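Colleague: What follows is a protein structure lacking sequence information:
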């Protein structure tokens, strides 16, 4: 994804080490890093999990008060669906203070989206996505370039 975005003239940074001894502290740390970088947007790469191995599909989460987040999440949903048309779309989910795992979306200073392209607990989806991460990156890069109008 970084290669495709750089080729489009979009400066990128990857923060893959979070400081802190708790989830909240880790999100504070990454929010500081995103701000220091001067990011216009931030995405957090996730995959979903469920107690049921039959849960499936992809979704993109944004902060409920962020119009830019909703727009980016909607574009990401569309581009991901174009790349993986056989997958089930779970939609764009708007998170608030009560939403589990939403600290990243709330604490970043910029437009932010949390990506969940598949369920790691679904053996079929895990098999597909363990072999197609380049296509995931391509879909995400296409969405980001589209968001910026490139």
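Modeller: Yep, that arrived. This one's a predicted model, so the numbers in the text were calculated from it and none came from an experiment. Residues are numbered from 1 along each chain as shown.

Colleague: the strands in the chain, which residues?
Modeller: All strands of the chain, identified by DSSP state E, fall at 41-45, 58-63, 89-95, 111-116.

Colleague: and the last one, how far out from the chain's middle?
Modeller: What separates the centre of strand 111-116 from the centre of its chain is 4 Å, taken as C-alpha atoms, centre = their mean, to the nearest Å.

Colleague: same deal with the shortest one?
Modeller: In terms of C-alpha atoms, centre = their mean, the gap separating the centre of strand 41-45 from the centre of its chain is 5 Å.

Colleague: Same question for the third one.
Modeller: Distance of strand 89-95 from its chain centroid, counting by C-alpha atoms, centre = their mean, is 11 Å.

Colleague: Show me what it packs onto, helices and strands only.
Modeller: Judged by 3 or more C-beta pairs under 8 Å, 6 or more residues apart in numbering; DSSP states H and E, the packing partners of strand 89-95 are strand 58-63, helix 67-83. To be clear about C-beta, it is placed using only N, CA and C from the backbone, and glycine gets the same treatment.

Colleague: And the pLDDT for residue 32?
Modeller: Residue 32 is assigned a pLDDT of 96 by the prediction.

Colleague: do residue 100 as well
Modeller: For residue 100, pLDDT reads 80.

Colleague: circling back: out of the helices and strands packed on strand 89-95, flag the one nearest residue 90.
Modeller: strand 58-63 (3.8 Å; C-beta to C-beta).

Colleague: still on that earlier bit, which one of the helices and strands packed on strand 89-95 has the most crowded surroundings?
Modeller: strand 58-63 (a mean of 24; mean count of other C-beta atoms under 10 Å).

Colleague: residues making contact with it?
Modeller: For strand 58-63, contacts defined as C-beta atoms under 8 Å, 6 or more residues apart in numbering pick out 48, 69-70, 72-74, 76-77, 80-81, 84, 87-96, 99, 101-102, 105-106, 112-118.

Colleague: List only those of those flagged as buried.
Modeller: Buried by 16 or more other C-beta atoms under 10 Å: 48, 69-70, 72-74, 76-77, 80, 84, 87, 90, 92, 94-95, 99, 102, 105-106, 112-118, out of the contacts of strand 58-63.
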